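S.K.: dropping the sequence and predicted coords here.
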Amino acid sequence: MTAGAVVSTADIPADRTAVGVRLRTVLDCGSDDSPGLVRRLVEIRPGSRFDGSAGSAGELWFVIEGSGRLEIDGHSELRLRPDQGLWIPPGAAYRLHAGGSDGNGDGDGELRLDTVTLPAGTLPDGKLHEGNHATAAAAEPLSRDLDDCEVETTGDRKFRVLFGPGRGCSVATQFVGEIPPGRAPDHSHPYDEVVLVLAGEGKVHIAGAEHALSAGTCTHLPPGLLHCLENTGSMMMRVLGVFHPADSPAAKLEQHP
């Protein structure tokens with residue numbers, strides 16, 4: 001079993017892929033013989049543009065701050081705003097424009113997006129296939145506002161699922177969770193998960209070790225890894241999670257003495 005990882009996005013060198021664009025690969029959870037989730041932070045200055053294409057299994061995005069617009073070949077333009085989740089179909093070619101409603105950058109700060117590429121070879125039917133077949137390249141990109149998602153609870157923690165089974169993505173789940181001050185019991189999950197702290201401070205306990213958490217910290221939690229996120233502050237901690245295969249954020253593995 002992999003031991004997991006804890007990194008700060010501020011410590012990751014940025015690649016400048018175009019004028020006004022910074023791209024950081026925060027976590028690559030795959031290995032030579034097993035593809036995994038890849039989390040990146042995209043930062044685009046107002047008035048700048050970033051061109052790219054989605055991975056062969058699609059991507060889940062979340063707008064952390066700023067506004068702009070997204071163009072995908074063959075589909076209607078999407079407006080971008082904070083607390084918005086997006087499903088980007090496999091192989092989709094896209095253009096990201098940072099800025100206001102007209103896309104020229106007036107009156108807006110930097111556009112910051114969290115993007116998670118799903119494991120290569122995983123198609124929307126939930127199976128693994130040989131090669132990188134983008135069979136869903138013509139699928140419709142989806143957008144969902146966090147405020148429109150139902151609030152669910154597990155213990156004293158709340159979460160909202162943006163994408164998952166029955167919610168536009170059958171193979172992975174994207175959610176935003178709220179953790180009140182305090183610590184829950186150690187537990188583990190049946191899926192591979194990457195968690196980004198959006199706000200607040202605390203610690204993550206992993207297999208007996210402690211790591212500090214603050215806004216911008218990202219954690220990789222492999223299946224079966226015993227862990228706990230603790231909020232050591234006085235305010236609510238807010239986290240963005242993506243995991244594969246899809247399940248509920250409340251799903252836990254039974255712990256044996």
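M.R.: Cool, got the structure. Residues are numbered from 1 along each chain as shown.

S.K.: partner strands of the least confident helix or strand in the chain by mean pLDDT and their direction?
M.R.: Ranked by mean pLDDT, DSSP states H and E, the helix or strand of the chain with the weakest confidence is strand 15-18, at a mean of 82. Under the criterion DSSP bridges, strand 15-18 sits next to strand 21-28 (antiparallel) in its sheet.

S.K.: if we go by neighbour counts, what in the partner strand is buried?
M.R.: 21, 22, 23, 24, 26, 27 (16 or more other CB atoms under 10 Å). For every residue, glycine as well, the C-beta is placed using N, CA and C.

S.K.: cool, stretch 152-160 as well?
M.R.: So, applying 16+ other CB under 10 Å, buried residues of stretch 152-160: 157, 159, 160.

S.K.: so what touches that stretch?
M.R.: 146, 149-151, 161, 175-180, 182, 184, 249-250 (CB atoms under 8 Å, 6 or more residues apart in numbering).

S.K.: ok, of the residues you listed, which one's closest to residue 114?
M.R.: Proximity of the contacts of stretch 152-160 to residue 114 (CB to CB) peaks at residue 176, which lies at 10.7 Å.

S.K.: list buried residues within the contacts of stretch 152-160.
M.R.: Judged by 16+ other CB under 10 Å, buried ones among those: 146, 149, 161, 175, 176, 177, 178, 179, 249.

S.K.: ok so, going back, a markdown table for the buried residues of strand 21-28, including pLDDT?
M.R.: Shown next, in a markdown table, are the buried residues of strand 21-28 (pLDDT from 0 to 100):
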| residue | pLDDT |
| --- | --- |
| 21 | 95 |
| 22 | 95 |
| 23 | 95 |
| 24 | 96 |
| 26 | 95 |
| 27 | 94 |
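
S.K.: can you list the weak-confidence ranges in this structure?
M.R.: By pLDDT under 70, the weakly predicted segments of the chain are 1-2, 100-108, 121-138, 254-257.

S.K.: out of the buried ones among the contacts of stretch 152-160, list just those in strands.
M.R.: Under the assignment DSSP state E, the buried ones among the contacts of stretch 152-160 contribute 161, 175, 176, 177, 178, 179 to strands.

S.K.: nearest to residue 77, of these?
M.R.: Using CB to CB, these come closest to residue 77 at residue 176, 24.7 Å.

S.K.: what about the strands in the stretch 151-257 of the chain?
M.R.: Taking DSSP state E, counting those that start in this stretch as the criterion, the stretch 151-257 of the chain carries its strands at 151-154, 157-163, 173-179, 182-183, 192-199, 201-206, 209-214, 217-221, 227-231, 237-244.
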